[in-house]
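Undergrad: I would like the atomic coordinates for the input below:
(2 chains)
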2 protein chains.
Amino acid sequence: MYEGAVQDLIDEFGRLPGIGPKSAQRIAFHVLEADREDMNRLADAIRAVKDKVKFCEVCFNVTEQEKCNICRDTRRDATVLCVVEESKDVMAVERTRSFRGRYHVLGGSINPIGGIGPEQLHIRELLNRLHDDTIEEVIIATDPNLEGEATSTYLARMLKSLGIKVTRLASGLPVGGDLEYADEVTLGRAFEGRRSAIG
Amino acid sequence: MYEGAVQDLIDEFGRLPGIGPKSAQRIAFHVLEADREDMNRLADAIRAVKDKVKFCEVCFNVTEQEKCNICRDTRRDATVLCVVEESKDVMAVERTRSFRGRYHVLGGSINPIGGIGPEQLHIRELLNRLHDDTIEEVIIATDPNLEGEATSTYLARMLKSLGIKVTRLASGLPVGGDLEYADEVTLGRAFEGRRSAIG
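TA: Numbering: from 1, shown residues only, chains lettered A, B, ... in the order given. Predicted coordinates:
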């Protein structure tokens, strides 16, 4: 619809996740009207991520060095390993400030329909990490959806044979939510996982 | 939260209109995982818009030349002028395929609280265009909100004295909508603007 460069930019923004045609147009016009320096900074930031960022050679979290800042931090507890699907999940767990161990990023979840099997994930590298005796507990923190549960079950079965304590995150009612609005699966899980109310 | 380049990119995306922190993170990780060539194309498209795109010297629509493609098109009716707030609005009217005249882009709307008065808009240039005798009708197509209505009223008063036919877009029920869901102002306007139902 637009001429040359404006339409090109709308098209490029429209290819990003979660940006529809209207948003893409709105952003493109913002770029057009914004400060040139600010927009150069945006363009440079895109290139910088592609040039500088790689994956930690130990846990596959994002980093600009050989090892990520969590793997480099010697104060972190090396006996507990939290297994997550993506680097985003590392950040989500970090924000809780309730975990002081280390991570292993699988790079996705088992999804036979999408052609993702265990061999496409960093599971071999996880097994290698477990071969030395440091790690005492593996906490599986995959997404609470079909693929995440399948991945969790697969890992739990595999790790059981190694004699390591394997746990998974609790399912239940989200804090701050309304019981009546909880879906039946979540509410069912909350019943299954009920704990003693007295201390 | 993240290291260097990833956080920089999240910050930059987060400054764009309509992109919250979660979306910015999602897009930044998409950039990280996407094809390098595709992302270079996005970065180049941002720079290209800043380098190539300017405003039409006649109507202030976006263009990469002196005049926009509508002003260059000699088949367009030069006797009718549609006044809009933004270039985006030109595209919205063009998509209807019901207007074959030319445009004038004001570059915004009168908004005293935001410090935008008539002198910040391309109103002087509009008057200059009306000085030759070609234009017979001016259609005011500002947004149907407070600022747009104020701009429309201002323009209508000013243009009345020039002896040119001045019209504005009809307000009323949006086609395909439900009467019961229309807000009272829109429904009120639909009553005021009612037309003969028999031919």
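
Undergrad: Between helix B:36-52 and the top helix by length along chain A, find me the angle.
TA: In chain A, assigned by DSSP state H, the helix with the most residues is helix A:36-52. Interaxial angle of helix A:36-52 relative to helix B:36-52 (axes from the mean of the first three to the mean of the last three CA atoms, to 10 degrees): 170 degrees.

Undergrad: what sits up against helix A:36-52?
TA: Applying CB atoms under 8 Å, 6 or more residues apart in numbering or on different chains, the contact partners of helix A:36-52 are A:31, A:64, B:4-6, B:8-9, B:11-13, B:15-16, B:28, B:31-32, B:36, B:39-40, B:42-44, B:46-47, B:49-50. Glycine gets a C-beta too; all of them are placed from N, C-alpha and C.

Undergrad: Could you rerun that using 6 Å?
TA: A:31, A:64, B:5, B:8-9, B:12, B:31-32, B:36, B:39, B:42-43, B:46-47, B:50 (CB atoms under 6 Å, 6 or more residues apart in numbering or on different chains).

Undergrad: Could you give me the PyMOL selection string for whichever of these are buried?
TA: Buried residues among the contacts of helix A:36-52 (16 or more other CB atoms under 10 Å in any protein chain shown), as a PyMOL selection:
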select buried, (chain A and resi 31+64) or (chain B and resi 5+8+9+12+31+32+39+42+43+46+47+50)
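
Undergrad: Max pairwise distance over the contacts of helix A:36-52: which two?
TA: Pairwise distances across those (CB to CB) peak at 27.5 Å, for the pair A:Glu64 and B:Lys50.

Undergrad: I'd say A:Gly148 and A:Thr142 touch.
TA: Yes - the criterion here is CB atoms under 6 Å, and A:Gly148 meets it with A:Thr142 at 3.7 Å.

Undergrad: what do those two both touch?
TA: Common neighbours of A:Gly148 and A:Thr142 (CB under 6 Å, 6+ apart) are A:Ser109.

Undergrad: More neighbours: which of the two?
TA: Higher neighbour count among A:Gly148 and A:Thr142: A:Thr142, with 25 against 22, using other CB atoms under 10 Å in any protein chain shown.

Undergrad: And the more buried one, how close does it get to A:Cys56?
TA: 19 Å (CB to CB, to the nearest Å).

Undergrad: number of nearby residues for A:Val90?
TA: A:Val90 has 27 neighbouring residues, counting by other CB under 10 Å.

Undergrad: And A:Phe55, by the same measure?
TA: Neighbours of A:Phe55 under the rule other CB under 10 Å: 16.

Undergrad: Pull up the gap between it and A:Arg15, please.
TA: Counting by CB to CB, the gap from A:Phe55 to A:Arg15 is 23 Å.

Undergrad: could you pull out the helices for chain A?
TA: Ranges of helices within chain A are A:4-14, A:21-33, A:36-52, A:69-72, A:87-96, A:123-131, A:146-160, A:184-192, based on DSSP H.

Undergrad: So which of these has the densest surroundings on average?
TA: Mean neighbours per residue, mean count of other CB atoms under 10 Å in any protein chain shown, is largest over the helices of chain A for helix A:4-14, with a mean of 21.

Undergrad: Now do it: which elements does it pack against?
TA: Judged by 3 or more CB pairs under 6 Å, 6 or more residues apart in numbering or on different chains; DSSP states H and E, helix A:4-14 is in contact with helix A:21-33, helix B:36-52.

Undergrad: residues making contact with it?
TA: With CB under 6 Å, 6+ apart, helix A:4-14 has contacts from A:19, A:21, A:24-25, A:27-28, B:42, B:45, B:48-49, B:52-53, B:62, B:64.

Undergrad: Stretch A:152-170 too?
TA: Stretch A:152-170 has contacts (CB under 6 Å, 6+ apart) with A:Ile110, A:Leu130, A:Glu137, A:Val138, A:Ile139, A:Ile140, A:Ala141, A:Thr142, A:Gly193.

Undergrad: swap the cut-off to 8 Å and go again
TA: Against stretch A:152-170 from outside (CB under 8 Å, 6+ apart): A:83, A:110, A:118, A:123, A:126-127, A:130, A:135-142, A:144, A:193.
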